[in-house]
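**Student:** Generate coordinates for the sequence data below:
(one chain, ligands or ions: 2)
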Amino acid sequence: MKINVAQLLRASIGSVKDYEVKKAIDITGDGVDSLVQGKVRLTRTNRSILVKGALEADVGLTCGRCLGPFRRSLKVNLEEEYYPTADVDTGAAIAVPDEPGCFTIDQNHILDLTEAVRQYALLAIPMKPLCKENCAGLCPFCGQNLNRGPCGCPPEAADPRWSELSKLKELSKLKKEKGK
Ligand SMILES: [Zn+2]
Ligand SMILES: [Zn+2]
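**Tutor:** Ligands and ions are numbered 1, 2, ... in the order given. Predicted coordinates:
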């Protein structure tokens, strides 16, 4: 996702340039690439190049309930300023703002979107992703993925709420018998 912005740096403030992005990058750092695509708009400001984009990332995730792998398309709204480090005409060094994590355009006027896209995409991943809203999860007793069907564990054992219920039923039965 490297864009040469020399021309845009020479252009007047407010000039824009649109780019199509389509690239596979490793978002989560687990060695698996995710396809990121969409449009970005680069705007020349008085001190930087502002990047705004609406991207979509096709990310491989692990379900927080059944632990199964699944893919999800995430919306990634990018908005970031990139500061030049060298004057586009003279090549003289330009000081960048003293901000941690500030994005820069390299000495050759190449703006690399990869790291910003990776960070924004990472933020778009939900804390506890679910493969589907009604994911049945794993049986707490035998560990079977219940999305693939019932596991054969007795229902009382499979759900503690049910066992409470059956206790109550037995209790009321006992009471009735005593009342006779
Ligand atoms: Zn699941
Ligand atoms: Zn089970």
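**Student:** how about the strands of the chain, start to end?
**Tutor:** 2-4, 16-26, 33-44, 49-62, 69-84, 103-105, 110-112 (DSSP state E).
**Student:** For the first one, what is the distance to the chain centroid?
**Tutor:** Relative to the chain's own centre, strand 2-4 is displaced by 24 Å; criterion: C-alpha atoms, centre = their mean, to the nearest Å.
**Student:** Most tightly packed of the strands of the chain?
**Tutor:** With neighbours taken as mean count of other C-beta atoms under 10 Å, the strands of the chain reach their highest mean count in strand 103-105, at a mean of 20. The way it works is simple: take the backbone N, C-alpha and C, and place the C-beta from them, glycine included.
**Student:** Can you spell out which helices and strands pack onto that strand?
**Tutor:** strand 69-84 (3 or more C-beta pairs under 8 Å, 6 or more residues apart in numbering; DSSP states H and E).
**Student:** Figure out how far the strand it packs on is from the centre of its chain.
**Tutor:** Centre-to-centre, strand 69-84 and its host chain are 8 Å apart (C-alpha atoms, centre = their mean).
**Student:** ok, that strand near ligand 1 or not?
**Tutor:** No. Judged by C-beta under 5 Å from the ion, strand 69-84 and ligand 1 are separated, with a smallest distance of 7.1 Å.
**Student:** any idea of the angle that strand forms with strand 16-26?
**Tutor:** 140 degrees (axes from the mean of the first three to the mean of the last three C-alpha atoms, to 10 degrees).
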